[in-house]
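# predicted model and sequence follow; I will ask about them next.
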Amino acid sequence: MPPQPRAFTLLLNWAHALDHLFLLIFAAAVAAIAADFGFARWEDLMPYGTGAFVMFGLGSAPAGRLGDLWGRRRMMLIFFFGMGASALLASLAQNAWQLAGALTLLGAFSAIYHPVGIPMLLQHAAQPGRTIGFNGLVGNLGIAAAAVLTGLLVQAYGWRSAFVVPGLVCIASGFAFVRFAPHESEPPAQRTRKAPLSLPPQMLARVFVVMTAAAIASSVLFNFTTNGNQQLMAERLHGLVNDPARVGLLLGAVYAVASVAQLVVGRLIDRYALKPLYLTILLAQAPLLALAALAQGWWIFAALLGTMVVIFGAIPFTDAMIVRYVDDRMRSRVAGMRLTVAFGFSSAVVWGLGPMVKASSFTVALLGMAAVALLTAAVVAWLPGDQAIRAQAQPATA
């Protein structure tokens, strides 16, 4: 297939950064918002952000279906303009419930990217692992930017500016997408290009069950850490670093360095067997989460860096499985269903994060996350090996 225009590819990757940035503005600014709305503790306001993550999951299935049947370009335009408008609406909120409504709307639009934007990016990719890895790197740099940019904007102009500035940038990006995104001659569902390997129905069902179960557990870890790390680092560095902006810079550095793991893993996926590589990364998560549970002072910086390297490093595998075993004409729907299940469950972590930490501590919560990591490894151990898959698969033909 002909290569995609460079500006179009850059915009699709940029959209991934925006998607993650927008979802974490609230978590990065929650202390300032809580003080403005009259809450005594940030933990009491945290559940009001749950709607964004609920819709991020529930909205993925219809977004993926519309992407395949209606068109991915159209859905990405809705993503850019809808997210930007939702962020501006959040900046106008006068109480916690108004903010919760705006964040829920933002989550519905943010749900579009993963089941639509990533398959759109991969439909022409000659090296899917490398493409997924770079896309993941850019997405996680959006997480880093949420910590850094939000902290700086909150300190300089107040928490409302942390929604206004990214909102305007997102709308401007939508106009750029109108200019550079090629028009689709047909919806993806009408295409005939198939996955590199065609699996028997029984094995494909097994791969999908493992992929979905692992995605649920991985999403729990991802949501807990990315929503809780700002307050965890502020708590453990209290007395050493008390400036929220500096805490945001430190956390942004953790995310920026850890993001490189996705680029490395993406290249490894193109060269090595999927299952042992995935298991190696998952088995490294539990001891690092336990270390983060116990670390104090500057040790928390090192512990979080190691933890986020392996959590981010595990992200590319589910997209790699979808590219390898699912036809392009239905990838958005499969990705959407997987995300709906995974984030539907893991959104409860966002709701329970504040109350959980308030009732126990970050130490207990992180040890619980270490147990989740071990459960994920046990699930992935059931994934068929590459040799078994090749033995039963047939090369797909258009």
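Right, received. Where do you want to start?

# all strands of the stretch 151-300 of the chain, in order?
All strands of the stretch 151-300 of the chain, identified by DSSP state E, counting those that start in this stretch, fall at 197-198.

# can you pull out the helices in it?
Taking DSSP state H, counting those that start in this stretch as the test, the helices found in the stretch 151-300 of the chain are 161-180, 201-236, 244-269, 274-294, 299-313.

# and the closest residue in space to Met308 that isn't next to it in sequence, how close does it get to Pro47?
Sequence neighbours aside, Ala258 is the residue nearest to Met308 in space, at 3.7 Å (criterion: CB to CB, 6 or more residues apart in numbering). In this view, the C-beta of every residue, glycine as well, is placed from N, C-alpha and C. Taking CB to CB, to the nearest Å as the measure, Ala258 falls 27 Å from Pro47.

# out of those two, which sits in the more crowded spot?
Ala258 (23 against 16; other CB atoms under 10 Å).

# so that one makes contact with Phe301?
No - taking CB atoms under 8 Å as the definition, Ala258 is not a contact partner of Phe301, at 11.9 Å.

# coming back round to it: list the contacts for the residue nearest to Met308?
For Ala258, the contacting residues are Asn140, Leu305, Met308, Val309, Ile311, Phe312, by CB atoms under 8 Å, 6 or more residues apart in numbering.

# what pLDDT is listed against the closest residue in space to the second one that isn't next to it in sequence?
Taking CB to CB, 6+ apart as the measure, Leu305 lies nearest to Val254, with 5.0 Å between them; neighbours along the chain are not counted. pLDDT for Val254: 87.

# pretty sure Val254 is touching Ala302, no?
No - using CB under 8 Å, Val254 is not in contact with Ala302; the gap is 9.4 Å.

# of these two, who's got more company?
Between Val254 and Ala302, counted using other CB under 10 Å, Val254 has the larger neighbour count: 24 against 13.

# next up, the contacts around the more buried one.
Ala144, Asn229, Phe301, Leu304, Leu305, Met308.

# tell me which two in those are the farthest apart.
Ala144 and Phe301 (14.1 Å; CB to CB).

# which residue of the two possesses the greater neighbour count?
Taking neighbours as other CB under 10 Å, Ala144 and Phe301 compare with Ala144 leading, 25 against 18.

# right, and the more buried one touches Ser259 too?
Yes - the criterion here is CB under 8 Å, and Ala144 meets it with Ser259 at 6.7 Å.

# what ranges in the stretch 51-200 of the chain fall below the confidence cut-off?
186, 189-200 (pLDDT under 70).

# go again using 90 as the cut-off
51-62, 64-72, 114-115, 117-152, 155-156, 181-200 (pLDDT under 90).

# ok now stretch 147-167, how far from the chain's centre?
21 Å (CA atoms, centre = their mean, to the nearest Å).

# straight-line length of that stretch, end to end?
Stretch 147-167 has an end-to-end distance of 16 Å (CA to CA, to the nearest Å).

# any idea how far Ile78 is from the nearest residue to Arg160 once chain neighbours are set aside?
Of all residues not flanking Arg160 in the chain, Ser91 sits nearest, at 4.3 Å (CB to CB, 6+ apart). With the distance defined as CB to CB, Ser91 ends up 20 Å from Ile78.

# these two: who's more crowded?
A direct count of neighbours by other CB under 10 Å for Ser91 and Ile78 places Ser91 higher, at 20 against 15.

# enumerate every residue touching that one.
Arg160, Ser161, Phe163, Val164, Gly167 are the contacts of Ser91 under CB under 8 Å, 6+ apart.

# closest to Gln127 out of those?
Taking CB to CB as the measure, Gln127 lies nearest Gly167 of those, at 34.3 Å.

# verify the contact between the closest one and Leu88 for me.
Yes - at 4.4 Å, Gly167 counts as touching Leu88 under the criterion of CB under 8 Å.

# give me the more crowded residue out of the two.
Gly167 (22 against 18).

# distance of the more buried one from Ala111?
Taking CB to CB, one finds Gly167 at 17 Å from Ala111.

# and for Gln98?
21 Å.

# and these two? which has more neighbours close in?
Ala111 (29 against 15).

# got the contact list for that one?
Met55, Phe56, Gly57, Leu58, Gly59, Ser60, Ala63, Leu339.

# who's in contact with the nearest residue to Ser218 once chain neighbours are set aside?
Leaving aside its sequence neighbours, Ser218 sits nearest to Ala314 (CB to CB, 6+ apart; 5.6 Å). Ala314 makes contacts with Ser218, Val265, Tyr278, Ile281, Leu282, Gln285, Thr376, as judged by CB under 8 Å, 6+ apart.

# Gln202: neighbour count?
Neighbourhood size, Gln202 [other CB under 10 Å]: 8.
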